[in-house]
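Colleague: only geometry, no sequence info:
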């Protein structure tokens, strides 16, 4: 082999130096290299897929069951039951070793009974139905006192869970430890609302259990949920019992304090009878008001009576002259009123400059006396000029004559009207009555019927023509005509009487009207004068009576005023005494009432405290007596039918993709290094 000749020419060396590849060229070269090695890559991928599939098939299936637990707010107050656990605290309690150990112990203790029930009832399905029908109490009797705590679990387990419990190998159950089982259990809180300032947790907790069988996972998670519910109730009931004892002690102390306070109030009321004091205050107050009202009334009466006496004395002095009443009329003045009226004193002569009511009363009396004498004089002159009694007698005679004439006139008019109507009725009757009547007589019907009966029809025609006829005056018309002639004579006589009486009635009527007007005017004038005289006489009589009453009243009122003064002094003494008693009793009542109110306020406070403690005690008793749980299993886990691990299809695709990616990377790296070396 011949050695290669080298050229020492520097220009030729520069021309033979390889050019530097660009990134796009490198990528293109790598892609070409991948395509060149495609068969080798396919072989490697086929081998890898087979290996991965074998490995995934060898991995056992894992099933996950999920249950939900709800932490409810407590039914009773926080003083009786604990506050609900927070979601984080409940989560830590669920993961505690004690809960896992209780789960293992419960499943271990329940397995023999599950096998027994399955054999006894010919299968787990029937066993589950029977156990659900028996309930907790019935199952507890079958399990005995030692294993009675398993009754709630059997009452809730279904057929899949009982089957999983029966099929669970004893060796596997013996190998269970807290660490091993704890890895199969998990819980997760639910976030309802998350903000920058706060995170709101849902009261629901999700419990998970993982096992190689779906029924086993369901058994583990449901048993775990029931154990958590029972553990929560134990924690809550422990505080409830402690609180019950504490509240009971407080309630007993409050009852003692209440009884003591009530006893003090009873003793105080026995010493201070407020009702009696109040009745005494009411009685004395009523007496005081009565005395005070009487005193005010008496003082007012005395003052009014004093003013009244002064007015009466002044009035009496104004109406008296020389010891006599100024309105007195002498007998000779009554006999000659004209002379007395001329000499009477009038108000004009007395003057009306004074505005004193007493002087005005005196003037009214004098004026009334003067006016009475004046009307007496006028009445005498009128009776001389117009004698009313004589005028009345003349009027009565004219009225009697007028009435007699009017009666005759009305009687004649009525008779004429009746006769006129009767004549009209007779004329109508005469016009409707025939003056001449015609009498007919036919063959009797009996004769015709007899001829028909005897069989002689040839005689019927001759018999039908035989009849009788006669004409004569109607007697009824004759009688009506005679009556009309009599009534016509009477009617003419009545018309003559009317013609005579009508002028006479008009004359009597005119005279009576004139006399009646004169009599009416005379009576009216006389009545007016008599009324004026009587009115002034009565007024003067009333003034006289008032004058006499005033004198009597002055005497009586003077006596009354003296008596009132004595009564006023007595009432002042009684009022002052009663007022002091009311003030004293009111002071005692106020002090006792205030003290009693204070004691009652204290009693109400103690009573409210006792009632509150009694209510709390009743709630605590109910919380102890009633199996009320603040934790509820919202949803038991169903039997999972599909495993969640391993996800073979996704894992196979993912591993295949990763293997392909690794091969491509290695080949690309190798080609890149080779290109760099070139």
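Modeller: Nice, thanks for sending it over. It should be emphasised that the depicted structure is a prediction, and the values quoted were computed from it without experimental measurement.
Colleague: is it fair to say residue 203 lies in a strand?
Modeller: Yes. The assignment for residue 203 (DSSP: H, G, I helix; E, B strand; the rest coil) places it in a strand.
Colleague: ok, it touching residue 71?
Modeller: Yes. Assessed by C-beta atoms under 8 Å, residue 203 is found in contact with residue 71 at 4.8 Å. Where you see a C-beta, it was placed from the backbone N, CA and C, and this is true even at glycine.
Colleague: Residues in contact with stretch 379-396: which ones?
Modeller: With contact meaning C-beta atoms under 8 Å, 6 or more residues apart in numbering, stretch 379-396 is reached by 337-338, 512, 515-516, 518-519, 522-523, 525-526, 529-530, 533.
Colleague: Would you list the phi and psi of residue 68?
Modeller: The phi/psi pair for residue 68 (degrees, to the nearest 10) reads phi -120, psi 130.
Colleague: please renumber so the chain begins at 30
Modeller: Yep, numbering from 30; the last one is residue 97 now.
Colleague: And the contacts of the stretch of helix or strand residue 201 belongs to?
Modeller: Following DSSP states H and E, one finds residue 201 within helix 199-204. Applying C-beta under 8 Å, 6+ apart, the external contacts of helix 199-204 come out as 136, 137, 140.
Colleague: what's the following helix or strand after that helix?
Modeller: Sequence-wise, the next helix or strand downstream of helix 199-204 (DSSP H and E) is helix 207-213.
Colleague: Tell me the spacing between the spatially closest residue to residue 206 that is not a sequence neighbour and residue 343.
Modeller: Using C-beta to C-beta, 6 or more residues apart in numbering and skipping residues adjacent in sequence, the residue nearest residue 206 is residue 133, 7.8 Å away. Distance, residue 133 to residue 343, using C-beta to C-beta, to the nearest Å: 128 Å.
Colleague: ok, these two, which is more surrounded?
Modeller: residue 133 (18 against 15; other C-beta atoms under 10 Å).
Colleague: where does the helix or strand containing the more buried one sit relative to the chain's centre, distance-wise?
Modeller: Using DSSP H and E, residue 133 maps to helix 126-149. Between the centre of helix 126-149 and the centre of its chain there are 63 Å (C-alpha atoms, centre = their mean, to the nearest Å).
Colleague: State the next helix or strand along the chain beyond it.
Modeller: Assigned by DSSP H and E, the successor of helix 126-149 is helix 153-172.
Colleague: Return the list of helices and strands in contact with that following helix.
Modeller: If you count contacts as 3 or more C-beta pairs under 8 Å, 6 or more residues apart in numbering; DSSP states H and E, helix 153-172 packs onto helix 126-149, helix 180-185, helix 188-196.
Colleague: So in the protein, where's the weakest helix or strand by average pLDDT?
Modeller: When the helices and strands of the chain are scored by mean pLDDT, DSSP states H and E, helix 39-45 comes last with a mean of 42.
Colleague: Looking at neighbours, which among the contacts of helix 199-204 is most surrounded?
Modeller: Counting by other C-beta under 10 Å, top hit in the contacts of helix 199-204: residue 136 with 22 neighbours.
Colleague: Distance of the closest residue to that residue other than its chain neighbours relative to residue 535?
Modeller: Excluding the flanking residues, the one nearest residue 136 by C-beta to C-beta, 6+ apart is residue 252, at 6.4 Å. Using C-beta to C-beta, we find residue 252 at a distance of 141 Å from residue 535.
Colleague: Wait, a strand at residue 216?
Modeller: Yes. According to three-state DSSP, residue 216 belongs to a strand.
Colleague: Can you name the residues in contact with stretch 514-526?
Modeller: 437, 441, 444, 445, 448, 449, 451, 452, 455.
Colleague: One more pass at 6 Å, please.
Modeller: Residues outside stretch 514-526 that contact it (C-beta atoms under 6 Å, 6 or more residues apart in numbering) are 441, 444, 445, 448, 451, 452.
Colleague: now those residues as TSV including pLDDT, distance to residue 528 and secondary structure?
Modeller: Formatted as TSV, the contacts of stretch 514-526 follow (pLDDT from 0 to 100; distance: C-beta to C-beta, whole Å; DSSP: H, G, I helix; E, B strand; the rest coil):
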residue	pLDDT	distance to residue 528	secondary structure
441	78	9	helix
444	80	14	helix
445	80	11	helix
448	80	15	helix
451	82	21	helix
452	79	19	helix
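Colleague: which one of the helices and strands packed on helix 153-172 lies closest to residue 647?
Modeller: Closest approach to residue 647 among the helices and strands packed on helix 153-172 (C-beta to C-beta): helix 180-185, 27.6 Å.
Colleague: for the closest one, packing partners?
Modeller: Here helix 180-185 touches helix 153-172, going by 3 or more C-beta pairs under 6 Å, 6 or more residues apart in numbering; DSSP states H and E.
Colleague: One more pass at 10 Å, please.
Modeller: Judged by 3 or more C-beta pairs under 10 Å, 6 or more residues apart in numbering; DSSP states H and E, the packing partners of helix 180-185 are helix 126-149, helix 153-172, helix 188-196, helix 243-300.
Colleague: I'd like the distance from that helix to the chain centre, please.
Modeller: Offset of helix 180-185 from its chain centre (C-alpha atoms, centre = their mean): 53 Å.
Colleague: what does stretch 525-541 give?
Modeller: Distance of stretch 525-541 from the chain centroid (C-alpha atoms, centre = their mean) equals 87 Å.
Colleague: Return the set of buried residues in that stretch.
Modeller: Buried residues in stretch 525-541, counted by 16 or more other C-beta atoms under 10 Å: 526, 530, 533, 534, 537, 540, 541.
Colleague: same question, stretch 549-566
Modeller: For stretch 549-566, a neighbour-count test (16+ other C-beta under 10 Å) marks 551, 554, 555, 558, 561, 562, 565, 566 as buried.
Colleague: Now the element after the helix ranked longest in the chain, going C-ward?
Modeller: Using DSSP state H, we find that the single longest helix of the chain is helix 504-654. As assigned by DSSP H and E, the chain's next helix or strand after helix 504-654 is strand 660-664.
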